[in-house]
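A.B. asks: Sequence first, then the predicted structure, then my questions.
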Amino acid sequence: MKNNYKKILIFNVNWLGDVLFSTATIRNIRRNYPESFIACIIPGGCYPILKDNPYLNEIIIFDEKDRHRGIFRKIDFIRLLKAKNFDVVFLLHRSFTRALICFLAGIPERIGYITKKRSFLLTRKIPSLSPIEFHRIDYYLNIIEKAGLRVEDRFLDFFIQPQDSEFVDRFLKENLLSDEDFLVGLNPGGNWLPKRWPKAYWAELADRLIKEFGAKVIFTGSIFDKKDIEDILGLMLQRPILTCGLFNLKQLGALCKRLKLFISADTGPLHIANTVGTRRIIALFGPTSPQVTGPYPLKNVIILKKDVGCKIPCYTVDCQDNRCMKAITVDEVLEKVRLIKND
């Protein structure tokens with residue numbers, strides 16, 4: 001690919017954490033094409049991850065299960081892309097449908113991994129890496145590197161605006177909190193149940209953080225996590241602060257910059273916290289692999305994970321056992337907290 005002006009499209013993936021992992025790829029594409037027009041397609045729910053990203057000229061929303069559900073709405077979306085006259089698309093997503101959309105939209109250069117049944121839709125076929133053996137950051141970067149682009153680094157980007165920090169300032173003042181407090185964020189949510197730590201564990205952890213460490217505990221989560229976190233609060237003796245639905249993702253990032261410690265399973269907010277530089281993080285891993293979707297970098301992160309005899313990563317989303325997460329005890333987490341406090 002020659003280093004001249006192009007209209008470049010990136011067809012991104014679907015989950016918050018994975019889109020965040022893709023920001024290294026976006027930045028490296030921009031470095032190769034500093035004067036080009038670069039757009040990125042993401043689901044609406046992932047929009048905050050790329051909002052304010054200076055390496056993109058445009059963000060295009062594609063919601064396959066909502067506004068673009070059904071053949072006629074997909075045809076409208078294809079027409080939209082066709083009218084934009086893109087020269088090349090990097091398909092970070094492995095799906096047949098997305099490759100077909102770009103083919104029908106007349107994008108002349110279509111670059112992506114060779115996956116089942118879609119090879120004929122690609123003009124630049126990248127031999128597929130195993131998605132369970134490489135970190136997602138490297139999995140996406142490999143596409144552009146094999147297409148001939150320079151890859152200079154692999155860190156992530158998440159851009160926070162002054163108004164997001166000001167929102168958090170007001171929140172801390174209203175709750176009589178300051179940077180002198182031992183501010184601990186607890187994030188019990190997860191996009192599928194087997195990744196979640198048991199509610200009773202979160203309740204015990206929060207109680208003991210407050211009682212034994214004098215922590216100011218802040219539960220984070222979206223409005224969809226509110227019922228689960230209210231269940232946790234119902235098991236507690238102490239009173240933490242509940243913020244479900246109060247913060248958007250940008251404001252969550254601004255909050256995480258102020259925390260002394262953030263504790264979370266493998267989910268989008270974990271990676272946001274690490275990207276913005278939360279002082280210390282404890283990550284609880286069960287069915288997913290830290291080598292594939294773990295936080296990067298690891299300099300401020302402690303990963304807790306137990307070998308319970310299951311094949312990892314495991315994507316059995318209806319698993320009723322959850323023994324991989326249950327095996328991580330509250331005492332083990334608190335042992336790491338003591339090390340952090342004494343560091």
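C.D. replies: In hand now; what should we look at?

A.B. asks: Report the secondary structure state of the residue nearest to Ile114 when sequence neighbours are not counted.
C.D. replies: Leaving aside its sequence neighbours, Ile114 sits nearest to Lys125 (CB to CB, 6 or more residues apart in numbering; 4.9 Å). Quick note: C-beta positions are derived from backbone N, CA and C, even for glycine. For Lys125, the assignment made with DSSP: H, G, I helix; E, B strand; the rest coil gives strand.

A.B. asks: Same question for Ile303.
C.D. replies: Classification of Ile303 using three-state DSSP returns strand.

A.B. asks: same check, this time on Ile29
C.D. replies: Per three-state DSSP, the secondary structure class of Ile29 is helix.

A.B. asks: so which strand or helix has Leu284?
C.D. replies: strand 281-285 (DSSP states H and E).

A.B. asks: Only the C-alpha atoms, please, for the next helix or strand after that strand, written as PDB.
C.D. replies: With elements assigned by DSSP H and E, the helix or strand that comes after strand 281-285 is helix 290-293. The C-alpha atoms that make up helix 290-293 are tabulated as PDB, following Å, rounded to 0.1, in the frame of the first residue of the first chain:
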ATOM      1  CA  PRO A 290      -5.100 -12.900  30.600                       C
ATOM      2  CA  GLN A 291      -2.800 -13.800  27.600                       C
ATOM      3  CA  VAL A 292      -5.700 -13.000  25.200                       C
ATOM      4  CA  THR A 293      -7.800 -10.300  26.900                       C
END
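
A.B. asks: got the buried residues for helix 290-293?
C.D. replies: Residues of helix 290-293 classed as buried: Pro290, Val292, Thr293 (neighbour count, 16 or more other CB atoms under 10 Å).

A.B. asks: Same check on stretch 151-161?
C.D. replies: Going by 16+ other CB under 10 Å, stretch 151-161 has these buried residues: Val151, Arg154, Leu156, Asp157, Phe158, Phe159, Ile160.

A.B. asks: With only the CA atoms kept, save it in PDB.
C.D. replies: Extracted C-alpha coordinates of stretch 151-161, given in PDB (Å, rounded to 0.1, in the frame of the first residue of the first chain):
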ATOM      1  CA  VAL A 151       3.600  -0.900  13.500                       C
ATOM      2  CA  GLU A 152       5.600   1.200  16.000                       C
ATOM      3  CA  ASP A 153       3.900   0.500  19.300                       C
ATOM      4  CA  ARG A 154       1.000  -1.300  21.000                       C
ATOM      5  CA  PHE A 155      -0.400   0.900  23.800                       C
ATOM      6  CA  LEU A 156      -4.100   1.900  24.000                       C
ATOM      7  CA  ASP A 157      -5.900   5.200  23.800                       C
ATOM      8  CA  PHE A 158      -8.900   6.500  25.700                       C
ATOM      9  CA  PHE A 159      -9.400  10.300  25.600                       C
ATOM     10  CA  ILE A 160     -11.000  12.200  28.500                       C
ATOM     11  CA  GLN A 161     -12.200  15.800  28.200                       C
END
